[in-house]
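Colleague: Have a look at this fold, sequence not included:
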Ligand SMILES: [Zn+2]
């Protein structure tokens with residue numbers, strides 16, 4: 001059933017300078033069959049989320065022996081409802097998770113955010129840098145959306161698809177948001 005071979009997937013975990021990673025993330029990656037040597041914990045720039053994400057993509061594109069690149073925030077917590085990402089139906093497929101904007105982040109079928117996402121390598125290579133960036137009002141006093149919006153728009157302009165599946169737990173900046181709402185959606189109709 002799997003479309004992605006985890007052994008041919010590079011993993012870049014974007015961590016703060018303290019390099020802390022949730023145990024759930026590391027265990028889920030290993031349980032999924034990702035070889036340990038494919039997993040990189042990247043010390044992201046904690047003063048600049050855009051630079052952190054862009055440097056992760058830049059580094060991963062240097063790896064030419066894989067078919068897919070997976071990126072994950074170090075504070076994300078995948079579980080059984082995350083396994084479906086290995087069937088990634090899109091060029092860029094992410095897991096639903098809580099963002100700082102709340103559930104409105106997932107209003108669209110092609111909604112895409114970077115908590116944990118996987119890219120088809122050939123598709124990612126068509127995207128031009130910078131991959132992520134804020135969009136501002138004229139005075140740069142307010143931001144629109146999030147850093148993923150420009151990525152989703154560039155992908156669409158190239159005819160590449162973004163979308164989301166499943167769910168992973170995520171508490172942005174340590175907040176406790178109602179992630180169970182997404183879980184309920186995922187498990188609707190499934191016996192547990
Ligand atoms: Zn986003």
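Modeller: Alright, I've got the coordinates. Quantities reported herein were computed from a predicted structural model and do not represent experimental measurements.

Colleague: Every contact and neighbour count from this point should use C-alpha atoms.
Modeller: OK.

Colleague: which parts of this structure sit against the ion?
Modeller: By CA under 5 Å from the ion, the part of the chain that sits against the ion consists of 113, 146, 148.

Colleague: Who wins on neighbours among those?
Modeller: Counting neighbours by other CA atoms under 10 Å, residue 113 leads these with 26 neighbours.

Colleague: Skip the chain neighbours and tell me the closest residue to residue 130.
Modeller: Distance criterion CA to CA, 6 or more residues apart in numbering; nearest residue to residue 130, sequence neighbours excluded, is residue 54 at 6.5 Å.

Colleague: and for the helix or strand encompassing that neighbour, what are the contacting residues?
Modeller: Here residue 54, judged by DSSP states H and E, is contained in helix 49-60. Contacts to helix 49-60, defined as CA atoms under 8 Å, 6 or more residues apart in numbering, come from residues 10, 12, 14, 42, 44-46, 69, 71, 129-134, 147.

Colleague: Name all residues that make contact with whatever residue of the chain ends up closest to the ion.
Modeller: Here the chain gets closest to the ion at one residue, residue 113, 3.8 Å apart by CA to the ion. Taking CA under 8 Å, 6+ apart, we find residue 113 in contact with 94, 96, 105, 148.

Colleague: swap in residue 135?
Modeller: Here residue 135 is in contact with 143-147, 150 (CA under 8 Å, 6+ apart).

Colleague: Pick out the most distant pair among the contacts of residue 113.
Modeller: 96 and 148 (13.4 Å; CA to CA).

Colleague: So which of the contacts of residue 135 belong to helices?
Modeller: residue 150 (DSSP state H).

Colleague: Give the buried subset of the contacts of residue 135 as a PyMOL selection command.
Modeller: In PyMOL, this line selects whichever of these come out buried by 16 or more other CA atoms under 10 Å:
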select buried, resi 146+147+150
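
Colleague: Look at the residue lying farthest from the centre of the chain and give its secondary structure.
Modeller: Centroid-distance maximum for the chain: residue 139 at 29.6 Å, with CA atoms, centre = their mean. The assignment at residue 139 comes out as coil when based on DSSP: H, G, I helix; E, B strand; the rest coil.

Colleague: need the helices for this structure, in chain order.
Modeller: 23-31, 49-60, 121-124, 149-157, 180-187.

Colleague: What about the residue nearest to residue 130, how many residues nearby?
Modeller: Per other CA under 10 Å, the neighbour tally for residue 54 reads 17.

Colleague: follow-up on the earlier one: sort the contacts of residue 135 by pLDDT and name the bottom one.
Modeller: Among the contacts of residue 135, residue 145 carries the lowest pLDDT, at 82.

Colleague: which parts of stretch 30-42 are buried?
Modeller: In stretch 30-42, counting by 16+ other CA under 10 Å, buried: 34-35, 38-39, 41-42.

Colleague: Reformat those residues as a markdown table; add pLDDT.
Modeller: As requested, the buried residues of stretch 30-42 are arranged in a markdown table below (pLDDT from 0 to 100):
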| residue | pLDDT |
| --- | --- |
| 34 | 97 |
| 35 | 96 |
| 38 | 96 |
| 39 | 95 |
| 41 | 94 |
| 42 | 93 |
